[in-house]
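J.: sequence plus the predicted model coming up.
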There are 2 protein chains.
Amino acid sequence: CVASASYNFVFFHVNSFTVQLLYFLLVSLFGFFVLKALKPRTAATFRPASLDLFFTSVSAATVSSMSTVEMEVFSNAQLLVMTVLMLVGGEVFTSMVGLNFESSKLLTPWKTEGNSSPLRGIEMAIVATPELQKTQSEIDLEAQRFLNHSAVKLLGLLVATYFFALNLGGVALVIWYMSAVPSARDVLEKKGLKTITFALFTVVSSFSNCGFVPTNENMIVFRKNSGLLLLILPQLLLGNTLFPPVLRLLVWALGKFVRRSEFDYLLNNTREIGYLHLLPAAHSLLLAATVFAFTVVQMVLFCSMEWNSEALSGMNGFQKFVGSLFQVVNSRHAGESIVNLSVIAPAVLTLFVVMMYLPPYTSFLPAKYAAEESSAGGQKTRGRQILENVLFSQLGYLVIFVIAICITERKSLIEDPLNFNVLNIVIEVVSAYGNVGFSTGYSCESRLNQEGSCVDKWYGFAGKWSGQGKIILIVVMFFGRLKKFNMNGGRAWKLQ
Amino acid sequence: CVASASYNFVFFHVNSFTVQLLYFLLVSLFGFFVLKALKPRTAATFRPASLDLFFTSVSAATVSSMSTVEMEVFSNAQLLVMTVLMLVGGEVFTSMVGLNFESSKLLTPWKTEGNSSPLRGIEMAIVATPELQKTQSEIDLEAQRFLNHSAVKLLGLLVATYFFALNLGGVALVIWYMSAVPSARDVLEKKGLKTITFALFTVVSSFSNCGFVPTNENMIVFRKNSGLLLLILPQLLLGNTLFPPVLRLLVWALGKFVRRSEFDYLLNNTREIGYLHLLPAAHSLLLAATVFAFTVVQMVLFCSMEWNSEALSGMNGFQKFVGSLFQVVNSRHAGESIVNLSVIAPAVLTLFVVMMYLPPYTSFLPAKYAAEESSAGGQKTRGRQILENVLFSQLGYLVIFVIAICITERKSLIEDPLNFNVLNIVIEVVSAYGNVGFSTGYSCESRLNQEGSCVDKWYGFAGKWSGQGKIILIVVMFFGRLKKFNMNGGRAWKLQ
Ligand SMILES: [K+]
Ligand SMILES: [K+]
């Protein structure tokens, strides 16, 4: 029985991982072929290389927004394809698919580790029971199973409504903003971008926390349009770090209006539901508090280091405040930017590296609350132990990736040390791992040796890397998008 | 009873921490005043500032070998004072004091967390028992207590013998080497260093893994003296990473010759003994294997990146091999150097950062072996939980230190970006935290703005920092020396 349970664990765990890996691979490949087939806007003068198109497709599908091509290279049709990639790559969408898939199967394969549902075991027990007469406890169990099923179904409906309402509402608001504010509209006109494409692309990108914007300069060009930033800010938060607290709030509020037992069940049985984004009450509150605290800490450092700097020059106090808030919220994990990161103080960049590294649902969670959620501490299966022994920790892998890129780019590290330095590489790798999209870019002016032609481009630092370096970064983006499967890695290493 | 146990835990834990913190503070202060009172060798032309002398004293006492003063500034008397500081600051010495202190008290206050001895609880129970008649089990317990006491006493004697034998043997070998090899002797003569001082200083420094060498250039000046490097190499390993496996081997071997029950007791009751450096058999083997694996990984990367580089130029194949081995062993954690780290490839430096970060007894230790050692998993006291909630993880603190130094040195980070970059600051901070002593130094040639006078110096990068930056680094050295007390920090943060 232990061996079978262990087999089951490994099977479900590996299976779920394989399903998701295949999903992102196939979406990326599909996106690549379509992007390749469509003509870029600059077809007459410049066509992106295949590797860069695949990089872009992976970056959109894994909601990373790392770039090796300028955004204005892409035609309207290509932008719409990328919108689809971002739409289906976002965490809310994929979890929604999983949830509906789960409710239709009455099984719970889209489970997170350590949340192994007692119901599944019970179900197996029922199947295994040879007698046909049902005892009272079996009837109770079936009733609970039915309740679980309908609660999961309701939750799926709720998440879908949340997803579509926020995306469509956001698009409507951005279109309204563009029609009302000439300074923003002029930018789109000058760049030949359609308002509807811009609104759709930007809102989907923001809600899924991808962070691509159809303009070359990302949000720098709108840094004084505080209204637009304030419209997008809620999308960033509601599609990512604040999704669980707000989802719980919605379930609670709906339960007040509509008296159905499913809502109570959802609020009180988060572990049985096994939906990663529905957390117990205390955890939800602590998560929201953590998001708030991180934002405040970043704001204090960012404003104190940058308020009078080159990065925020030409903005008034209100614009600086909104812009700073927008910038620091984007470090977790959309990666849109209103400043050029290469001129930001190293102290701020170091803090950004930490913020980009921390997964969305990082939370201050004292042991007594954590204990409520996972009781699996002592019951490790053999399969899980073997996995734990083989896997490194997240940081271990990140260090390996950084060292690998220091090797592939070793020539540039010597010849062009102000652009190619370890901090910039670490920012790029952690940004890809966190699916953020921040990048210091590449500055022709910073080259020590000014020989040879060099034109400043609006794509990320990785755009100047070798093909090998870009391939490693593609791997990092996939790794980052699936990081939840390796959160227990490195347990077999004891530091003392 | 729970409250009292919790109080006891916090009391003993905090108490042990306070004792050790006070110990290192007092030793450092004592060293500072004596160093200040003694004349430097360069008294006529240059006297180090008080902050730099305190920095040096802390660096010696915490066996860090970070430097802000060139070593040849110090007179013979000052070198001998530093020898004493390194002698009493090393881990083997402090643990030896703790062990003898423990055996004399029959209590076990020098305990590591999670190794709470069952004997202490029993002892308390005995004290609390009002009846005077002893039951059979009480008599057994007393016999075991007596065995424990005499085993700890024997262990203390063994560690002391180990300590003195290796230090004295090392000194004798280095003196012999200097008398036999003219090229090495010439260096000392040219620098006006006494052979006996050099031997004593270097061996004590190497065994305690401090890493100071009386020469300005550290071991770079002896990089072709492979014999000297090979004499020092065992000191580095036996005084640090390989101490536990070798100690266990000694206990085992002595037990074969001298048939005393204490040896068996020591081998089979590592948890009851509670001596951090005596580990169970499997753990000892895995620790040795980990040290070996880390060395091999570092050798492969170092040799493949540096074999034909500037750093190893002018050396033959054998010298390069021995030198590389010496260099990579020193990243854990002596910090002596045969190359100038500022010309080493960033890939290697990044790996060095990881190696410096990992505590000496980092080991691959699968769950089934780890379980043997700590059974305290589920029995967290309230006091411990509170501590866990308040403390950050080690990496959390390191990031805070790095950001703080990026703030204190913000002007230099802008004006002198090739010397003052985040990688060099991270190396300096992690080196101080790991009590290593590696530093990239400061290169006048790397300044972008060559105005103003600048003379290359043989001290660490921190020597060019502001006073505030140096003070932060002093804090980091203390924090690093006492890191074992914070190994459970950051548990209240959940990453998902
Ligand atoms: K992103
Ligand atoms: K050291």
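T.: Looks like it came in fine. Ligands and ions are numbered 1, 2, ... in the order given.
J.: switch to C-alpha atoms for all contacts and neighbour counts from now on
T.: Will do.
J.: quick one: the helices in the stretch 201-350 of chain A, in order.
T.: All helices of the stretch 201-350 of chain A, identified by DSSP state H, counting those that start in this stretch, fall at A:226-238, A:243-257, A:261-268, A:270-273, A:281-306, A:317-329, A:346-357.
J.: any residue of the fourth one up close to chain B?
T.: No - contact between helix A:270-273 and chain B, assessed by CA under 8 Å from any CA of the partner chain, is absent, since the two come no nearer than 15.2 Å.
J.: mind listing what A:L418 touches?
T.: Going by CA atoms under 8 Å, 6 or more residues apart in numbering or on different chains, A:L418 touches A:S446, A:R447, A:L448, B:P417, B:L418.
J.: over to it. Which of the three states is it?
T.: Look at A:L418: counting by DSSP: H, G, I helix; E, B strand; the rest coil, its state is coil.
J.: what distance do you get for the residue in the stretch 51-200 of chain A that ligand 1 sits nearest to to A:L349?
T.: Closest residue of the stretch 51-200 of chain A to ligand 1, CA to the ion: A:S64 (3.9 Å). Separation of A:S64 from A:L349 (CA to CA, to the nearest Å) stands at 18 Å.
J.: these two: who's more crowded?
T.: Just comparing A:S64 and A:L349: by other CA atoms under 10 Å in any protein chain shown the higher neighbour count belongs to A:S64, 35 against 22.
J.: mind checking the SS state of the more buried one?
T.: For A:S64, the secondary-structure state derived from three-state DSSP is coil.
J.: surely it touches A:G211?
T.: Yes - counting by CA atoms under 8 Å, A:G211 is a contact partner of A:S64 at 7.1 Å.
J.: quickly list what's touching both of those two.
T.: Residues touching both A:S64 and A:G211 (CA under 8 Å, 6+ apart) are A:A334, A:G335, A:V436, A:G437.
J.: can you list these in CSV and add neighbour count, distance to ligand 1 and pLDDT?
T.: Formatted as CSV, these follow (neighbours: other CA atoms under 10 Å in any protein chain shown; distance: CA to the ion, whole Å; pLDDT from 0 to 100):
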residue, neighbour count, distance to ligand 1, pLDDT
A:A334, 31, 4, 94
A:G335, 31, 5, 96
A:V436, 31, 3, 96
A:G437, 32, 5, 96
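J.: what about the residue in the stretch 201-350 of chain A that ligand 2 sits nearest to, how many neighbours?
T.: Among the residues of the stretch 201-350 of chain A, A:T350 lies nearest to ligand 2; the distance is 25.9 Å by CA to the ion. A:T350 has 20 neighbours, counted by other CA under 10 Å.
J.: tell me who's in contact with it.
T.: B:V399, B:V402, B:I403.
J.: need the residues of chain A near chain B, please.
T.: Contact residues, chain A versus chain B (CA under 8 Å from any CA): A:345-348, A:350-351, A:354, A:358-367, A:385, A:389, A:399, A:402-404, A:406-407, A:410, A:413, A:417-418, A:421-423, A:484, A:487, A:491-496.
J.: contact partners for A:T94?
T.: Neighbouring residues of A:T94 by CA under 8 Å, 6+ apart: A:V88.
J.: okay, and it sits in which element?
T.: Here A:T94, judged by DSSP states H and E, is contained in helix A:91-105.
J.: just how off-centre is that helix within its chain?
T.: 17 Å (CA atoms, centre = their mean, to the nearest Å).
J.: tell me if it is near ligand 1.
T.: No - Helix A:91-105 stays clear of ligand 1 (CA under 5 Å from the ion), getting no nearer than 11.1 Å.
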